[in-house]
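K.L.:
Model the structure of this input:
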Amino acid sequence: MKNTLRGRVVKGVASRFSVFTEDGVKTCLARGRLKSDGLIYVGDYVEIARDRDVWVIESVAPRKNALIRPYVANIDLCLITVAPVPAPDFVLVDKIIVNCLAEGITPVLVVNKSDIEKVDVSEYNCVETVYCSAETAGGADALVPVISGKTVCFAGQSAVGKSSLINALIGSALLEVGALARKTDRGKHTTRRTELIPLGDDTWVADTCGFSMLEAVDIPPAELRLYYDDFEPFRPACRFNGCTHIDEPDCAVRAEVGKSVGKGRYERYKVIFAELDERRKNKYD
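P.N.:
You can find the predicted model right below:
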């Protein structure tokens, strides 16, 4: 009878995977059919079995969601991190929010370095916001009740303090923290792998590389409006049911811009809409 265990993939390097189980972390290989069927993602729930002197991943449970930049699965929350320095890229923030909602991931806006200056995120009334500072004692405490029992990832520009916040959450300097590049005011990428870090009580934090480069998912431009909850209260009053809120007459959403709908938020919506529209034209022309 096979010695089998259930667990979760917490790290993958080449063809070897670290799987967290009730019997400790096991280093595993993957069956050939799993290699040919597709990648095993960090975050996957798997069944492993002892095969002679090695552990082998036998099967992968269906995923709740999966992201490919980086490869990580079964995420509950995405902590979209901004800070006063470097200056926030709110187009990136909006793209990540759209990506999260399309994948069934709850976005949470985290304003780090709030001891220096509080970033104005008042336009994001549709997203839960948490203010904190990784550089102060207990600076990440406000995140604890938000992430409890969840699998979370951090996303955002480099040097906004994502690794520092993870360090604060786990209470040690486990992760290398990068300094802001002096000349460009842009951060050096210091996270070079994807790994799930257990915080207890079924809480997991994904230490990931590449989330700062998330783009909006490949959706039809006309569907972008569906991912803007702050537009929804006004959408029913638009003249057309399928109003994209771009140039249709009698658009109730446009009428609220600068009032109940933030002007910056709407202008960035138009930017993302134009990018999706251009991508669609290039695809079919």
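K.L.:
pLDDT weak spots in the stretch 51-200 of the chain?
P.N.:
Applying pLDDT under 70 to the stretch 51-200 of the chain flags the ranges 69, 137, 172-193.
K.L.:
so where do the helices sit in it?
P.N.:
Per DSSP state H, counting those that start in this stretch, the stretch 51-200 of the chain carries helices over the ranges 90-102, 144-147, 162-170.
K.L.:
Same list (those helices) but as TSV, adding mean neighbour count.
P.N.:
All C-beta spots, glycine's among them, are computed from the backbone N, C-alpha and C. Shown next, in TSV, are these (neighbours: other CB atoms under 10 Å):
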stretch	mean neighbour count
helix 90-102	21
helix 144-147	14
helix 162-170	23
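K.L.:
Mind checking those for the one nearest to residue 112?
P.N.:
Smallest distance to residue 112 across the helices of the stretch 51-200 of the chain (CB to CB): 6.3 Å, for helix 162-170.
K.L.:
Please export the C-alpha coordinates of the closest one as CSV.
P.N.:
Below are the C-alpha coordinates for helix 162-170, written out as CSV (Å, rounded to 0.1, in the frame of the first residue of the first chain):
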residue,chain,number,x,y,z
LYS,A,162,6.2,44.6,-0.2
SER,A,163,9.0,42.5,1.2
SER,A,164,9.3,44.7,4.3
LEU,A,165,5.6,44.2,5.0
ILE,A,166,6.1,40.4,4.7
ASN,A,167,9.1,40.7,7.1
ALA,A,168,6.9,42.6,9.5
LEU,A,169,4.2,40.0,9.3
ILE,A,170,6.5,37.0,10.0
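K.L.:
who are the neighbours of that helix, in terms of helices and strands?
P.N.:
Secondary-structure packing of helix 162-170 (3 or more CB pairs under 8 Å, 6 or more residues apart in numbering; DSSP states H and E): strand 77-82, strand 151-156, strand 195-200, strand 203-207.
K.L.:
coming back round to it: could you export the helices of the stretch 51-200 of the chain as CSV, including distance to residue 264?
P.N.:
Formatted as CSV, these follow (distance: least, CB to CB, whole Å):
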stretch, distance to residue 264
helix 90-102, 7
helix 144-147, 25
helix 162-170, 23
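K.L.:
out of those helices, which comes closest to residue 256?
P.N.:
That would be helix 90-102 among the helices of the stretch 51-200 of the chain, by CB to CB, at 17.3 Å.
K.L.:
and that closest one, what does it pack onto?
P.N.:
In terms of contacts (3+ CB pairs under 8 Å, 6+ apart), helix 90-102 is packed against strand 77-82, strand 106-111, strand 151-156, helix 263-284.
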